[in-house]
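**Q** sequence plus the predicted model coming up.
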Amino acid sequence: MHQSVDGSAESSGQSITGSIYEMDGSSVVVKLFTKEGCTLCDKVKDVLESIRDDQPHSLYAVDITDDDKHGWFSKYKYDIPVLHINDMYWTKHRLAVEDAIAGLQEAQSGSFEARSGEPDAERLEHS
């Protein structure tokens, strides 16, 4: 059982959580917070895949509608795709090739820091 954006139960296909691709020798891990049918998520994934040979990184999907991902769903339900680099917030909604290269280069050099503006729908709904 999954949750819809409004928080009600929703039945859908299998979880899409898991590895999209892994790059040997790269310590940079990008997590794509997503759900089934997210077309903006597909566009972000395409950008990252297009530069993975020049900017090595591994990409993992985190399905926010999984039963064990309720915390992520509560934060990100209105803002997917959301991206993290090495478990730090990076960006949301869209990703230009230039921004992807810059972020991944920062991560490779060890200078990447979490960005401001991380979405938190639950906090906003309870304010």
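**A** On my side now, so go ahead. Every value quoted in this text rests on a predicted model; they were computed, and no experiment measured them.

**Q** for S58, give the beta-bridge partners.
**A** The partner list for S58 in beta bridges (DSSP bridges) reads V29.

**Q** measure how buried it is and give me the count.
**A** Using other C-beta atoms under 10 Å, S58 is surrounded by 17 other residues. Heads up, the C-betas are built off the backbone N, CA and C, glycines and all.

**Q** try the one 5 residues further on
**A** When neighbours are defined as other C-beta under 10 Å, D63 has 24 of them.

**Q** now A96
**A** 10.

**Q** before we move on, what about R94?
**A** 11.

**Q** go on, the one 10 residues further on?
**A** Burial of L104, expressed as a neighbour count using other C-beta under 10 Å, amounts to 23.

**Q** tell me the SS of R123?
**A** Using DSSP: H, G, I helix; E, B strand; the rest coil, the structure places R123 in helix.

**Q** any idea how far T91 is from it?
**A** Between R123 and T91 the distance is 19 Å, computed by C-beta to C-beta, to the nearest Å.

**Q** for A61, same thing?
**A** 16 Å.

**Q** would you map the strands across this protein?
**A** 2-3, 9-10, 18-21, 29-34, 58-63, 82-85, 88-92 (DSSP state E).

**Q** thanks a lot, catch you later.
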